[in-house]
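Visitor: sequence and computational prediction follow.
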Amino acid sequence: MLGLLPVVRCPPRAAVGSQVPTLGGSQDYPRRQARINRGQAGNEAREATVPRVSSIDHVQLAMPPGAEDQVREFYVGVLGLTEVPKPPELANRGGAWFEGPNIKLHLGVEQEFRPARKAHVGFLVDDVAELVDLCRAQNPETTDVNEVDGYHRAHAFDPLGNRLEFMEPI
């Protein structure tokens with residue numbers, strides 16, 4: 001059964017062309033405050049911080065059962081990540097976890113695995129051309145390096161067919 005959520009009161013709309021008041025400008029957006037009305041006359045409304053997402057802890061890609069050796073060879077041998085042990089309560093599910101500087105990548109087993117052909121992880125890299133060459137040795141399905149929005153970038157696919165993007169700042 002669903003419970004009732006508190007009513008969030010929004011400030012009235014400003015007239016077209018008028019200045020809209022802000023709480024510290026756009027850079028203060030994550031810390032905006034909302035007035036929550038409990039819906040009871042006479043009760044004082046309280047301020048509460050709006051919930052927000054602050055960063056990404058990890059990204060997970062799917063893999064078929066029994067492909068751990070393939071992903072280790074690619075993510076450790078080609079991309080240079082380090083395999084880290086899964087927590088004991090998750091280890092029996094299969095899969096593998098990898099880490100690198102500012103990266104946590106999990107590969108989890110899906111019984112009816114289908115590779116991510118459009119959705120992808122975007123990795124910042126030091127040398128996109130060299131990395132694409134290394135990936136081509138494992139799987140020739142890669143794109144040529146191009147420039148987009150201040151990056152040299154290319155796409156490659158891991159041995160399971162999951163799409164990856166490599167981005168090198170120009």
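Guide: It's in. Numbering: from 1, shown residues only.
Visitor: how about the contacts made by E73?
Guide: When contacts are counted by CB atoms under 8 Å, 6 or more residues apart in numbering, E73 is found next to Q138, P159. (Each C-beta comes from the backbone N, C-alpha and C, glycine too.)
Visitor: and it, that's in a helix?
Guide: Yes: E73 sits within a helix when classified using DSSP: H, G, I helix; E, B strand; the rest coil.
Visitor: counting contacts, what elements does the longest helix belonging to the chain pack onto?
Guide: Counting residues, the longest helix found in the chain (DSSP state H) is helix 128-138. Applying 3 or more CB pairs under 8 Å, 6 or more residues apart in numbering; DSSP states H and E, one finds that helix 128-138 contacts strand 151-157, strand 163-169.
Visitor: for the ones you listed, could you give me JSON lines that also reports mean neighbour count and mean pLDDT?
Guide: Formatted as JSON lines, the helices and strands packed on helix 128-138 follow (neighbours: other CB atoms under 10 Å; pLDDT from 0 to 100):
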{"stretch": "strand 151-157", "mean neighbour count": "21", "mean pLDDT": "96"}
{"stretch": "strand 163-169", "mean neighbour count": "19", "mean pLDDT": "97"}
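Visitor: Throw those into a markdown table and include distance to L90, thanks.
Guide: A markdown table is the format used below for the helices and strands packed on helix 128-138 (distance: least, CB to CB, whole Å):
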| stretch | distance to L90 |
| --- | --- |
| strand 151-157 | 26 |
| strand 163-169 | 23 |
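Visitor: which one of those strands lies nearest to R117?
Guide: Between R117 and the helices and strands packed on helix 128-138, the shortest gap by CB to CB is with strand 163-169, which sits at 5.8 Å.
Visitor: name the helices or strands packed onto that closest one?
Guide: Right, strand 163-169 is packed against strand 121-124, helix 128-138, strand 151-157 by 3+ CB pairs under 8 Å, 6+ apart.
Visitor: can you check what angle separates the longest helix of the chain from strand 151-157?
Guide: 10 degrees (axes from the mean of the first three to the mean of the last three CA atoms, to 10 degrees).
Visitor: put the alpha carbons of helix 128-138 into PDB.
Guide: Written as PDB, here are the backbone C-alpha positions of helix 128-138 (Å, rounded to 0.1, in the frame of the first residue of the first chain):
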ATOM      1  CA  VAL A 128      42.800   7.100 -27.200                       C
ATOM      2  CA  ALA A 129      44.500   6.000 -30.500                       C
ATOM      3  CA  GLU A 130      46.800   3.500 -28.600                       C
ATOM      4  CA  LEU A 131      43.900   2.100 -26.600                       C
ATOM      5  CA  VAL A 132      41.800   1.600 -29.800                       C
ATOM      6  CA  ASP A 133      44.700  -0.300 -31.400                       C
ATOM      7  CA  LEU A 134      44.900  -2.600 -28.300                       C
ATOM      8  CA  CYS A 135      41.100  -3.100 -28.400                       C
ATOM      9  CA  ARG A 136      41.200  -4.000 -32.200                       C
ATOM     10  CA  ALA A 137      43.600  -6.800 -31.400                       C
ATOM     11  CA  GLN A 138      40.900  -8.300 -29.200                       C
END
